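Colleague: fold the following, please.
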Amino acid sequence: MAKPLIWADRALKELNNLQEYLYDEWGEKITQRVINEIFDTINRIQNSPEQFPLIKKRKKIHRCVASPQTSIFFKVEKEVIEIISIFDNRQDPKKRKL
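Modeller: Purely as a prediction, here's the structure:
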């Protein structure tokens, strides 16, 4: 059974920034395709979060590569899954503060 999902403010801001970037650079069709891929991946996360590797054991943070360009970082709590970051993999990994 899928767990409820919550979004950290940071993840919502990053998703919005990504959407704006894609729209400005590639137009509506590509933007919609990428956003659909992200939400399809989030659906997979909700249904089976344990399939994605734990990258920070102490903080219980998992990473899911949604596409070669995008990674989703999330935490699995007792009752919910929290999306904490939508990261553009083309950025410097040092910018990824989890």
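Colleague: give me the residue at the spatial middle of this structure.
Modeller: For the chain, the residue nearest the mean C-alpha position is Ile72 (2.5 Å; C-alpha atoms, centre = their mean).
Colleague: right, and it touches Thr41 too?
Modeller: Yes. Look at Ile72 against Thr41 with C-beta atoms under 8 Å: they come within range, at 6.2 Å. Quick note: C-beta positions are derived from backbone N, CA and C, even for glycine.
Colleague: a helix runs through the residue nearest to the centre of the chain, doesn't it?
Modeller: No. According to DSSP: H, G, I helix; E, B strand; the rest coil, Ile72 belongs to no helix; its state is strand.
Colleague: any shared contact partners between Ile72 and Thr41?
Modeller: 64, 66 (C-beta atoms under 8 Å, 6 or more residues apart in numbering).
Colleague: can you show me the helices along the protein?
Modeller: Secondary structure of the chain (DSSP state H): helices located at 9-26, 28-47.
Colleague: give me the outermost residue of the protein relative to its centroid.
Modeller: In the chain, counting by C-alpha atoms, centre = their mean, Gly27 sits farthest out from the average C-alpha position, at 21.1 Å.
Colleague: got the phi/psi numbers for that residue?
Modeller: Torsion angles at Gly27 (phi, psi; degrees, to the nearest 10) stand at phi 90, psi 180.
Colleague: the lowest-mean-pLDDT helix or strand in the chain: partners in the sheet, and parallel or antiparallel?
Modeller: When each helix and strand of the chain is scored by mean pLDDT, DSSP states H and E, strand 54-56 comes last, with a mean of 91. Applying DSSP bridges, strand 54-56 is found paired with strand 61-67 (antiparallel).
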